[in-house]
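> requesting a structural model of the entry that follows:
(one chain, ligands or ions: 1)
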Amino acid sequence: MENKDLLMIPGPTPVPENVLLAQAKHPIGHRSPEFSEIIGEINENLKWLHQTKQDVLTVTASGTGAMEAGIINFLSAGDRVLVGSNGKFGERWADMTEAFGLKTERIAAGWGEVLDPEAIREKLEADTNQEIKAVIVTHSETSTGVLNDLETINRHVKNHGEALIIVDAVTSLGAVSLPIDQWGLDVVASGSQKGYMIPPGLGFIAVSEKAWQAYETATLPKFYLDLGPYRKSTAKNSTPYTPPINLMYGLQAALKMMRNEGLENIFARHERNTQATRAAIEALGLPLFAPNNAASRAVTAVEPTTVEAEKVRSVMKKQFNIALAGGQNELKGRIFRIGHLGFVSERDVLTVVGALEATLRELGHETMANGAGVAAATRVLAYS
Ligand SMILES: *Cc1c(COP(=O)(O)O)cnc(C)c1O
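Numbers count the residues shown, from 1 in each chain. Okay, the predicted model is just below:
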């Protein structure tokens with residue numbers, strides 16, 4: 001059916017109608033007082049969302065551009081860095097730090113497993129000369145649906161004292177609580193098409209005072225993503241270069257919606273939707289890919305054994321106009337992923353679960369009782 005698409009992938013995520021309409025306006029001059037006012041409001045709300053007093057910097061780039069800014073501004077060629085790698089995005093971090101000539105040591109875990117904070121602690125404790133300049137991790141590993149234990153990893157980094165903690169929070173920001181100042185996270189990168197409920201095109205970087213000190217001596221080459229000019233401009237409710245004005249209109253509207261909902265309510269919604277999805281998958285007799293105690297609140301990965309993952313995706317798309325994500329790299333064809341990040345309601349989850357059950361039947365997966373998935377999701381979502 002035309003115009004009835006439901007986007008249930010972990011990015012780009014669905015965009016609310018009022019955000020789309022906010023973007024459908026003539027651009028105004030980015031040096032005008034009117035636009036400066038918009039930037040001011042956005043900056044305040046970004047600090048609120050990031051739970052930080054520091055200005056959050058906005059760049060015109062996808063999430064990877066924000067990640068790159070998080071590396072080139074604070075490190076120098078030859079610096080020793082530990083990179084957590086348990087999926088595609090952890091690997092992207094490692095590829096990136098290698099591309100910039102950093103001495104990269106992967107702390108690896110299997111795809112679908114959680115990073116072992118102990119392995120990171122051991123490396124840090126053995127580093128008595130304080131050579132390790134950064135520990136770089138992906139909080140929510142979107143490729144596998146695993147949420148890494150950032151709080152524990154960060155505690156070990158704090159005990160080391162020298163190293164910065166640099167975080168890819170692209171699918172955790174706006175889904176789970178990330179108290180940046182309270183934990184003392186140094187660099188936190190995210191992107192607009194994930195938890196922000198707006199289209200792709202903006203990257204965000206939160207930077208601690210300690211990271212700004214490292215910025216003073218960091219020597220990797222940089223220009224467009226040199227965060228120094230962004231810091232100066234942001235403090236004056238301005239931008240160093242022309243921002244995507246219409247995306248900023250959207251961001252302004254989306255952040256307003258988030259403030260109206262409230263941080264705790266946003267996190268609680270993601271938690272309920274995650275638990276409802278996982279309960280339904282189990283009730284349908286499908287194996288969950290990520291462990292229960294390390295489940296991303298943005299995406300649930302499923303590794304079906306009785307049906308083909310790609311066939312599930314294709315029936316869901318053709319028959320129900322629901323887009324699910326597939327597996328990436330070594331997981332291609334092995335898993336499918338249900339996104340529940342951003343503008344996703346309980347109704348969306350029930351819809352996906354019901355459609356998935358019908359899809360499984362069509363594909364000959366007959367082991368579950370009628371309505372088992374919806375029943376399990378409903379039990380999680382029911383209010384007492
Ligand atoms: C989406 C995503 C990114 C950024 O990807 P872009 O395509 O550059 O926006 C980075 N890390 C994670 C974990 C992601 O999910």
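> can we go C-alpha only for contacts and neighbour counts from here?
Noted.
> how much space separates the residue nearest the centre of the chain from the ligand?
Geometric centre of the chain, nearest residue: residue 171, 1.3 Å, by Cα atoms, centre = their mean. Distance from residue 171 to the ligand, counting by Cα to the nearest ligand atom, to the nearest Å: 5 Å.
> cool, and residue 353?
Distance from residue 353 to the ligand, by Cα to the nearest ligand atom: 22 Å.
> and what of residue 264?
Counting by Cα to the nearest ligand atom, the gap from residue 264 to the ligand is 22 Å.
> same deal with residue 261?
Taken as Cα to the nearest ligand atom, the span from residue 261 to the ligand is 23 Å.
> so how many other residues sit close to that residue?
11 (other Cα atoms under 10 Å).
> list the contacts of the residue nearest to the centre of the chain.
Neighbour list for residue 171: 10, 139-142, 190, 194-195, 298, 341 [criterion: Cα atoms under 8 Å, 6 or more residues apart in numbering].
> can you put these in a markdown table and add secondary structure, distance to residue 226 and neighbour count?
Listed next are the contacts of residue 171 as a markdown table, based on DSSP: H, G, I helix; E, B strand; the rest coil; distance: Cα to Cα, whole Å; neighbours: other Cα atoms under 10 Å:
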| residue | secondary structure | distance to residue 226 | neighbour count |
| --- | --- | --- | --- |
| 10 | coil | 29 | 25 |
| 139 | coil | 24 | 27 |
| 140 | strand | 26 | 31 |
| 141 | strand | 26 | 29 |
| 142 | coil | 27 | 27 |
| 190 | strand | 17 | 28 |
| 194 | coil | 24 | 31 |
| 195 | coil | 25 | 26 |
| 298 | coil | 30 | 33 |
| 341 | coil | 30 | 32 |
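> dump these to CSV, plus pLDDT and distance to the ligand.
Formatted as CSV, the contacts of residue 171 follow (pLDDT from 0 to 100; distance: Cα to the nearest ligand atom, whole Å):
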residue, pLDDT, distance to the ligand
10, 98, 7
139, 98, 7
140, 98, 6
141, 98, 5
142, 98, 5
190, 98, 7
194, 98, 7
195, 98, 10
298, 98, 9
341, 98, 10
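> pick the one among the residues you listed closest to residue 233.
residue 190 (19.6 Å; Cα to Cα).
> now stretch 108-117: buried residues?
108, 111-117 (16 or more other Cα atoms under 10 Å).
> can I see the domain layout of the chain?
17-260, 263-382 (automatic domain parsing).
> which of these sits closest to residue 2?
Closest to residue 2 of the domains of the chain, according to Cα to Cα: domain 263-382, at 8.7 Å.
> would you mind measuring from residue 62 to the ligand?
Separation of residue 62 from the ligand (Cα to the nearest ligand atom): 4 Å.
> ignore what I typed, I meant residue 272.
Residue 272 sits at a distance of 20 Å from the ligand (criterion: Cα to the nearest ligand atom).
> wait, that residue sits on residue 379?
No - Residue 272 is not in contact with residue 379 according to Cα atoms under 8 Å; the separation is 10.6 Å.
> quick one, strands of the chain?
Secondary structure of the chain (DSSP state E): strands at 6-8, 56-60, 80-85, 103-108, 132-138, 140-141, 146-147, 164-168, 187-191, 202-207, 299-302, 322-326, 336-339.
> next, format the ones you listed as a markdown table and append distance to residue 286.
Shown next, in a markdown table, are these (distance: least, Cα to Cα, whole Å):
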| stretch | distance to residue 286 |
| --- | --- |
| strand 6-8 | 18 |
| strand 56-60 | 40 |
| strand 80-85 | 26 |
| strand 103-108 | 27 |
| strand 132-138 | 26 |
| strand 140-141 | 21 |
| strand 146-147 | 17 |
| strand 164-168 | 29 |
| strand 187-191 | 31 |
| strand 202-207 | 35 |
| strand 299-302 | 7 |
| strand 322-326 | 15 |
| strand 336-339 | 11 |
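> can you list the buried residues in stretch 232-247?
Quick answer for stretch 232-247 (16+ other Cα under 10 Å): 234, 237-239, 243, 245-247.
> residues from the stretch 51-200 of the chain in reach of the ligand?
Contact residues, the stretch 51-200 of the chain versus the ligand (Cα under 6 Å from any ligand atom): 62-64, 89, 140-142, 168, 170-171, 191.
> list just the nearest of the buried residues of stretch 232-247 to the ligand.
For the buried residues of stretch 232-247, the minimum distance to the ligand (Cα to the nearest ligand atom) is 14.7 Å, reached by residue 247.
> would you confirm that that closest one contacts residue 25?
No - judged on Cα under 8 Å, residue 247 makes no contact with residue 25 at a distance of 10.5 Å.
> show me what contacts residue 359?
Per Cα under 8 Å, 6+ apart, neighbours of residue 359: 312, 315-316.
> so which of these are in helices?
Under the assignment DSSP state H, those contribute 312, 315-316 to helices.
> any chance of those residues in TSV, with distance to residue 96 too?
Formatted as TSV, these follow (distance: Cα to Cα, whole Å):
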residue	distance to residue 96
312	33
315	36
316	35
